[in-house]
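> Sequence and predicted model, in that order:
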Amino acid sequence: MFKKGPDMQLDQWIRYGSYPAVMLPTVGAAGAVAYGALPAWPTLAAIAAVGIAIVALLERLQPYERDWLRDHGDLRADVLHGLANLALLAGAAYALHAVRGVLPVASLWPTHWPAWLQLLLAGAIVDLGLYAMHRLSHRYAWAWRLHAIHHSAERLYWLNGERRHPLSALLMAGPGIGLTVALGAPPQVLSAWLALLSVQLAFQHANLDYRVGPLRRWLGVAEVHRWHHKHEYEDAQVNFGEFFMVWDRMFGTFHDRPEPLAADAVGLREETMPLGYAAQLLWPFATPADARKRAFAERLAEGYRALHAGQAEHAYTLFEQAHVLAQSRTNAHVRSHWAFLRWGLRFGDRREMAGQVPRLLAAALFTWLWMPRGNTGGARVGALRIMPISPELRRYLENT
């Protein structure tokens, strides 16, 4: 049924008016700071916080995908990523300016230009650096391991723009910010651009049904950026721009398609990211010896995601795989049986709940002594049954 009257007008206003209604005042306030008409603190922090909060609210009113409104177990880690990375980049910019101020280096920055033009220049330099390092992060395995945390999100929403490993954030933003400071850009100009960028990143990843018309070919908005998050890695090598799409258009990586991207089409295809913030920070540095632990964590995390989504059989299968990988370590073994118990509680399976209580006790007390190799851990099979191990899991067990 088509909406009529005020509801239809509100939908249309959000769809076509939300981006300019938020970004234009944000640009104005950032420009005022660059001109020196407003103090950088607390103005920039306030406009960034208000702009991002409005994007988060608009998502609730008119989501692009309703399923992405639901917490996928990622919210807590994403909040920590956001707080850490915003503080890190602001601190890095401040530190660079402090170092620059004591070095006897002549300034090459065009301080005689109007402040709005200086702001645009700083933005162009930072954005080009982001584009270049973003592409590098997709090309080299060591950089991709850091950057993959950003792509591991299985939903896109206002916080995803800051879901980055701190080292990845420094790698991507450092060259552009460093060059801008080295050229002598005034601190308030660079800080104003970074505040503006933070609101842009919220829009770029927003779970918001909005449009910017032909400007999507020049601005890194959600319409085009969602294609960059496809879980098929080979299809995600497009639309690297953070604020502007001019670099993508210049270097042949721009991609625009009219059809929407499905809710289940984003994330990582080959690997599953742990849900915890600390675990995500450690994930890129796992060595081959840690492959079994990582595989266990990935299957357990994916199983919990399936559990929260109500996918009973898929969650159970993943918990079985996690159990096979966990049997030699007490802590992991107990966690795998705890997952089965939560599965039983979630779906009201009394047999599973009853079967898991003694298994939990046995795992806690006797893992060090002996456990049947390959047993899948669920109450659907005997607790002492020795089972063949699939080739998919055997490769982890043979190397540890």
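Yep, that arrived.
> buried sites along stretch 329-342?
329-330, 332-342 (16 or more other Cβ atoms under 10 Å). In short, each C-beta sits where N, CA and C put it, glycine included.
> err, stretch 100-119, not the other one
So for stretch 100-119, counting by 16+ other Cβ under 10 Å, buried means 100, 109, 115, 118-119.
> so for it, what's the average pLDDT?
The average pLDDT within stretch 100-119 is 88.
> Would you mind writing the CA trace of that stretch as PDB?
C-alpha atoms of stretch 100-119 as PDB (Å, rounded to 0.1, in the frame of the first residue of the first chain):
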ATOM      1  CA  ARG A 100      55.800  21.000  13.300                       C
ATOM      2  CA  GLY A 101      55.700  24.100  15.500                       C
ATOM      3  CA  VAL A 102      59.100  23.500  16.900                       C
ATOM      4  CA  LEU A 103      60.800  22.600  13.700                       C
ATOM      5  CA  PRO A 104      62.600  25.400  11.700                       C
ATOM      6  CA  VAL A 105      60.800  24.600   8.500                       C
ATOM      7  CA  ALA A 106      59.300  27.200   6.200                       C
ATOM      8  CA  SER A 107      55.600  27.000   5.700                       C
ATOM      9  CA  LEU A 108      54.400  26.300   2.100                       C
ATOM     10  CA  TRP A 109      50.700  26.600   3.100                       C
ATOM     11  CA  PRO A 110      48.800  29.300   1.200                       C
ATOM     12  CA  THR A 111      47.700  31.100   4.300                       C
ATOM     13  CA  HIS A 112      46.700  34.100   2.100                       C
ATOM     14  CA  TRP A 113      43.900  32.000   0.600                       C
ATOM     15  CA  PRO A 114      40.300  32.400   1.900                       C
ATOM     16  CA  ALA A 115      39.700  30.000   4.800                       C
ATOM     17  CA  TRP A 116      37.100  28.000   2.800                       C
ATOM     18  CA  LEU A 117      39.600  27.300   0.100                       C
ATOM     19  CA  GLN A 118      42.200  26.300   2.600                       C
ATOM     20  CA  LEU A 119      39.700  23.900   4.100                       C
END
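> centre of the chain versus that stretch, how much separation?
34 Å (Cα atoms, centre = their mean, to the nearest Å).
> Show me this structure divided up by domain.
6-251, 286-398 (automatic domain parsing).
> how about those in a markdown table, adding distance to residue 273?
Formatted as a markdown table, the domains of the chain follow (distance: least, Cβ to Cβ, whole Å):
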| stretch | distance to residue 273 |
| --- | --- |
| domain 6-251 | 4 |
| domain 286-398 | 7 |
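> lowest-confidence stretch among these?
Looking at these, the weakest mean confidence is domain 286-398, a mean of 90.
> and the buried residues of stretch 100-119 as TSV, adding distance to residue 364 and secondary structure?
Formatted as TSV, those follow (distance: Cβ to Cβ, whole Å; DSSP: H, G, I helix; E, B strand; the rest coil):
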residue	distance to residue 364	secondary structure
100	57	helix
109	63	coil
115	65	helix
118	63	helix
119	60	helix
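> out of these, who's nearest residue 231?
Nearest to residue 231 out of the buried residues of stretch 100-119 is residue 119 (Cβ to Cβ; 36.3 Å).
> I figured the closest one hits residue 191, correct?
No: Residue 119 is beyond contact range of residue 191, at 10.4 Å (criterion: Cβ atoms under 8 Å).
> quick one: residue 238 is in a helix?
No: going by DSSP: H, G, I helix; E, B strand; the rest coil, the assignment for residue 238 is coil, not a helix.
> ok, it - contacts?
By Cβ atoms under 8 Å, 6 or more residues apart in numbering, the contact set of residue 238 is 227-228, 248, 253-255.
> Can you list which of the residues you listed are found in helices?
residue 248 (DSSP state H).
> Tabulate the contacts of residue 238 (JSON lines), appending distance to residue 366 and neighbour count.
Output for the contacts of residue 238, formatted as JSON lines (distance: Cβ to Cβ, whole Å; neighbours: other Cβ atoms under 10 Å):
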{"residue": "227", "distance to residue 366": "51", "neighbour count": "17"}
{"residue": "228", "distance to residue 366": "49", "neighbour count": "23"}
{"residue": "248", "distance to residue 366": "57", "neighbour count": "23"}
{"residue": "253", "distance to residue 366": "55", "neighbour count": "19"}
{"residue": "254", "distance to residue 366": "59", "neighbour count": "18"}
{"residue": "255", "distance to residue 366": "55", "neighbour count": "15"}
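> how about residue 37, what does it touch?
Here residue 37 is in contact with no residue (Cβ under 8 Å, 6+ apart).
> which SS class is it?
Once three-state DSSP is applied, residue 37 turns out coil.
> From residue 323, how far out is it?
63 Å (Cβ to Cβ, to the nearest Å).
> now swap in residue 240 and tell me
Relative to residue 323, residue 240 is positioned 40 Å away (Cβ to Cβ).
> neighbour count winner among the two?
residue 323 (27 against 24; other Cβ atoms under 10 Å).
> Now that one. Nearest residue, chain neighbours left out?
Closest residue to residue 323 apart from its sequence neighbours, by Cβ to Cβ, 6 or more residues apart in numbering: residue 377 at 3.1 Å.
> The one you found is in contact with residue 343, isn't it?
No: using Cβ under 8 Å, residue 377 is not in contact with residue 343; the gap is 10.8 Å.
> overlap in contacts of those two?
Going by Cβ under 8 Å, 6+ apart, residues that sit against residue 377 and also against residue 343 are residue 319.
> gap between residue 200 and residue 97?
Taking Cβ to Cβ, one finds residue 200 at 22 Å from residue 97.
> Those two: which has the busier surroundings?
residue 200 (27 against 19).
> picking up where we left off before, now, which of the buried residues of stretch 329-342 sits nearest residue 9?
Looking across the buried residues of stretch 329-342 and measuring by Cβ to Cβ, the closest to residue 9 is residue 342, at 45.4 Å.
> and the closest one, what is it in contact with?
residue 307.
> Repeat that for residue 385.
372, 375.
> Go ahead and measure how far stretch 172-188 is from the middle of the chain.
25 Å.
> The contacts of residue 238 into CSV, with extra columns for distance to residue 123?
Compiled in CSV, the contacts of residue 238 are given as follows (distance: Cβ to Cβ, whole Å):
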residue, distance to residue 123
227, 23
228, 20
248, 16
253, 19
254, 19
255, 23
